[in-house]
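*Asks:* with the input below, show me the fold.
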Amino acid sequence: MILEQWFSRRFLPKSKQDRKDKTTMDSVPETRSEDVGNGFLAHARNFTINGAIMGEHQQIIQTMYNTITTGTTALDRLLPYTCPDAAVDSSARDPPPRCHPGTRQRILDTLNAWLVDYLWKIFWLSGPAGTGKSAVAQTLAEMCLEQGRLGAAYFFSRSTGRNNPRTVIPSLAYQLAVNVPDYGNLLGHAIAFDPSIFQKTPRVQLRRLIVEPFTLLRAQGHKSTQTPLLIILDGLDECDGIQAQCEIVEMVGEIVRLKKDLPLLWLIASRPEPHLQYIFSRADFAIDCKKEFLIIDADTRNDVDRYLRDSLIDIRTRFPLVTDAAWPSEAQSRRLEDFASGLFALAATIVRYVSDITYGDPVRRLTDFLAFMTNANHVTTTNPLQTLDLLYSQILSEIPENVYPVTRRILSFYQLLTKKLLSIQRICNFLCIDKHEFYNALNKLHALFDIPPPDRAARANLRVHHTSFYDYLHSSFRSGRFHIDLRGLVVDYMKTTLFWYKNIVEDPCYISDGSFMVVAQSATLSGLKWASNDSEEDLTASQAILLTVHAGTWSYFMALSDDDPDLKETLNQLEDLDFRYMLVSKDDNGKFAKFTEWLFSRGPHNTLLHTEPQDELEVTLLNKVVREVGRRMEPVTLPMVKMNISL
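*Replies:* Purely as a prediction, here's the structure:
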């Protein structure tokens, strides 16, 4: 008997015809043993059931049937809603930050002791940028993974797009199901019972997908719940939106407070942002939360010094032809340690700067760095972040002046478009930058970025080593002439978007079919600068361009002031755009309507938008609209409370 027949005869409801046929049988049919069934009450007699609750299992049965016949599992259904790149062992984070051997022993001992006695259900590890919070979290996660104590981990990163709060709970549930098979079985039942759970709020998802299954496991005395599992949320301050960050902390605090026997421990690592300090200082967190602030003390300085000395030995081993046993001198080592001042992010950047394989001369690089820092007169600075900023400036200043404008564009757009374009090749195609320009522009930045080689460019991201670099770029006070100006970025983004819109609607495929997706399938966009031998990669690049333009942020136009020198040029580009083929993305959220209001507010003389017909063609079109609508219309007066625009 094939599987579908077996399943339908045992679990699926009979058809209407089957039920009709049954009613035409004798009113009192002969009772046969095979008609009784084989349930656990099949042959029971002379008993009463009080307070019975009958459950509807049809949905679960249908889900089980689909799972068996299609091979779809709970993890398969969960995966699209997760962020695999945020996991502890994700290839996207390889190599992740780790504690250097023999360092950070005090905080690791504190965390390990907490995992043994778990007097608190929440551990908040905070500290300034660059103090090694992520390295501590990663090291602890790997230790717990080996011991079978790691439930799940989510490593946030604003610069790589791992910051969507909607993916947090599904990601944790997915990892928990992989690490705890007993929980995975219950998770499958929860998803089968309510397949729409992925459209619920994070709070509901946390309760249904994690709290309730683990509560049941605990009540049943499963071995997997005898020792609490660790869940890590690292870099919470990089989660998208302050409200989302606060909600995550509040949700965790709520279940810890209400479900004291839940076998889960939570490590949350973040910068000490004011809104997070406020939540963790509330009275309802005082009992259940342990707080540890990473400071730069004598132990930390010793750890950083050890890391620097070991790293210099490693560099000497990697470059035997240009170094010798006496390099670096003791004086150079001490000066490096003084400059690093106990800040791990600074020490790691110094090591990458000196060992940059592009230059291949660590002796000269170390000498140049020490000379620059001495001339900057910041030898005795008490703030290592200022020293880190100086190093960032030094690295950027090494880029030739005629190359830096391209470098600036790449750095600016990469952060702006990181959620839409997932590879450096796609970003370069959007910016009309070819392969040579890209690698030439970033050739001096290996100390700051993990730059994939050309054979990985179609799939790999440009990954910044530490988010403090983007903090530096966005602060004019810290970065000076290297500051990324938001206004300039907005103008550049608008011009590039309009260029691609014009390019798309003039494509022969688009003219004949009027479809964005037809152009994407043809992969013939003339503006693509970085083509590859793989037609599939070209297709992917083309579609990425279309999706980016399709979701163009019209609100950027409204950021321009009336006296902005770029406004006139941008409006001229708009006049060349054929709005007959204009498309508004599903996630527009009224941005195009607001843009239309802004456009009209520039005066009735505007040639792009007006409410009175300007020529005979527009009169004809207006009369046609009136006939279609069936009533007379008056010119609109903007701004309106609500605009309903159909294109």
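*Asks:* going by C-alpha atoms from here, please, whenever you check contacts or count neighbours.
*Replies:* Fine.
*Asks:* show me the helices in the stretch 301-450 of the chain, by range?
*Replies:* Per DSSP state H, counting those that start in this stretch, the stretch 301-450 of the chain carries helices over the ranges 330-340, 344-354, 362-375, 384-397, 404-417, 424-430, 435-441.
*Asks:* using JSON lines, lay out those helices together with mean neighbour count and distance to Ile268.
*Replies:* Output for these, formatted as JSON lines (neighbours: other CA atoms under 10 Å; distance: least, CA to CA, whole Å):
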{"stretch": "helix 330-340", "mean neighbour count": "17", "distance to Ile268": "26"}
{"stretch": "helix 344-354", "mean neighbour count": "22", "distance to Ile268": "20"}
{"stretch": "helix 362-375", "mean neighbour count": "16", "distance to Ile268": "36"}
{"stretch": "helix 384-397", "mean neighbour count": "19", "distance to Ile268": "23"}
{"stretch": "helix 404-417", "mean neighbour count": "18", "distance to Ile268": "25"}
{"stretch": "helix 424-430", "mean neighbour count": "26", "distance to Ile268": "31"}
{"stretch": "helix 435-441", "mean neighbour count": "16", "distance to Ile268": "37"}
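*Asks:* would TSV of those with mean pLDDT and distance to Phe293 be doable?
*Replies:* Converted to TSV, these look like this (pLDDT from 0 to 100; distance: least, CA to CA, whole Å):
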stretch	mean pLDDT	distance to Phe293
helix 330-340	93	20
helix 344-354	95	15
helix 362-375	91	29
helix 384-397	90	17
helix 404-417	86	29
helix 424-430	83	37
helix 435-441	95	39
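*Asks:* so which of those helices gets nearest Pro213?
*Replies:* Judged by CA to CA, the one of the helices of the stretch 301-450 of the chain that comes nearest to Pro213 is helix 404-417, at 37.9 Å.
*Asks:* dump the closest one to PDB, restricted to CA.
*Replies:* Output in PDB follows, covering the C-alpha atoms of helix 404-417 (Å, rounded to 0.1, in the frame of the first residue of the first chain):
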ATOM      1  CA  TYR A 404      39.800  57.800  -2.000                       C
ATOM      2  CA  PRO A 405      36.500  59.100  -3.600                       C
ATOM      3  CA  VAL A 406      35.800  55.600  -4.800                       C
ATOM      4  CA  THR A 407      36.800  54.200  -1.400                       C
ATOM      5  CA  ARG A 408      34.400  56.600   0.300                       C
ATOM      6  CA  ARG A 409      31.600  55.600  -2.000                       C
ATOM      7  CA  ILE A 410      32.100  51.900  -1.300                       C
ATOM      8  CA  LEU A 411      32.300  52.300   2.500                       C
ATOM      9  CA  SER A 412      29.200  54.600   2.500                       C
ATOM     10  CA  PHE A 413      27.000  52.400   0.300                       C
ATOM     11  CA  TYR A 414      28.100  49.100   1.800                       C
ATOM     12  CA  GLN A 415      26.600  50.100   5.200                       C
ATOM     13  CA  LEU A 416      23.500  51.700   3.600                       C
ATOM     14  CA  LEU A 417      22.800  48.700   1.300                       C
END
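*Asks:* how far does that helix sit from the chain's center?
*Replies:* 19 Å (CA atoms, centre = their mean, to the nearest Å).
*Asks:* tell me the contacts of the residue nearest to Arg93 when sequence neighbours are not counted?
*Replies:* Excluding the flanking residues, the one nearest Arg93 by CA to CA, 6 or more residues apart in numbering is Asp85, at 6.9 Å. Asp85 makes contact with Ser91, Ala92, Arg93, Arg162, according to CA atoms under 8 Å, 6 or more residues apart in numbering.
*Asks:* distance of Asp85 from Ser157?
*Replies:* Noted for Asp85: a distance of 10 Å to Ser157, by CA to CA, to the nearest Å.
*Asks:* what of Asp182?
*Replies:* Distance from Asp182 to Ser157, by CA to CA: 31 Å.
*Asks:* if we can go back for a sec, filter the contacts of Asp85 to the buried ones?
*Replies:* The neighbour-count test (16 or more other CA atoms under 10 Å) marks Arg162 as buried among those.
*Asks:* what's the closest of the contacts of Asp85 to Trp120?
*Replies:* Arg162 (27.9 Å).
*Asks:* so what's that closest one up against?
*Replies:* Per CA under 8 Å, 6+ apart, neighbours of Arg162: Cys83, Asp85, Ala86, Phe155, Phe156, Cys239.
*Asks:* scan those and report the most crowded one.
*Replies:* The most crowded member of the contacts of Arg162, judged by other CA atoms under 10 Å, is Phe156 (28 neighbours).
*Asks:* confidence score at that residue?
*Replies:* Listed pLDDT for Phe156 reads 96.
*Asks:* so it makes contact with Leu236?
*Replies:* Yes. Look at Phe156 against Leu236 with CA atoms under 8 Å: they come within range, at 6.2 Å.
*Asks:* gap between Leu574 and Thr496?
*Replies:* Note on Leu574: its distance to Thr496, by CA to CA, is 12 Å.
*Asks:* repeat that for Val490.
*Replies:* 10 Å.
*Asks:* and Ile169, by the same measure?
*Replies:* When distance is defined by CA to CA, Ile169 is 36 Å away from Thr496.
*Asks:* with neighbour numbers in mind, choose between these two.
*Replies:* Using other CA under 10 Å as the criterion, Ile169 and Thr496 rank with Ile169 on top: 24 against 15.
*Asks:* the more buried one: what's it in contact with?
*Replies:* Per CA under 8 Å, 6+ apart, neighbours of Ile169: Pro202, Gln205, Leu206.
*Asks:* so which of those residues belong to helices?
*Replies:* Pro202, Gln205 (DSSP state H).
*Asks:* ok, the contacts of Ile169 vs Leu431, which is closest?
*Replies:* For the contacts of Ile169, the nearest to Leu431 is Pro202 (36.0 Å; CA to CA).
*Asks:* how about the most centrally placed residue in the chain, phi and psi?
*Replies:* Ranked by distance to the mean C-alpha position of the chain (CA atoms, centre = their mean), the top residue is Arg162 at 2.3 Å. Phi and psi for Arg162, reported as degrees, to the nearest 10, are phi -90, psi 60.
*Asks:* bridging residues for it?
*Replies:* Ser157 (DSSP bridges).
*Asks:* how confident was the prediction at it?
*Replies:* pLDDT, Arg162: 90.
*Asks:* distance of Cys289 from Glu628?
*Replies:* Relative to Glu628, and taking CA to CA, Cys289 is found at 65 Å.
*Asks:* these two: which is more packed in?
*Replies:* Each of Cys289 and Glu628 has its neighbours counted (other CA under 10 Å); Cys289 has more, 20 against 9.
*Asks:* isn't that one up against Trp114?
*Replies:* No. Shown here, Cys289 and Trp114 do not form a contact pair, counting by CA under 8 Å, at 11.2 Å.
*Asks:* find residues that contact each of the two.
*Replies:* With CA under 8 Å, 6+ apart as the test, Cys289 and Trp114 both reach Trp120.
*Asks:* can you give me the neighbour number for Thr201?
*Replies:* For Thr201, using other CA under 10 Å, the count is 11.
*Asks:* what does Gln573 give?
*Replies:* Counted with other CA under 10 Å, Gln573 comes out at 15.
*Asks:* same check on Asp194?
*Replies:* For Asp194, using other CA under 10 Å, the count is 12.
*Asks:* how much space is there between it and Leu209?
*Replies:* 10 Å.
*Asks:* same thing with Thr103?
*Replies:* 37 Å.
*Asks:* got the domain ranges for this protein?
*Replies:* Listed by automatic domain parsing, the domain ranges of the chain are 78-293, 298-397, 399-552.
*Asks:* sketch out the low-pLDDT regions of the protein for me.
*Replies:* Low-confidence regions of the chain, defined by pLDDT under 70, span residues 1-72, 286-287, 377-382, 417-422, 504-527, 532-557, 559-562, 577-590, 602-610, 631-647.
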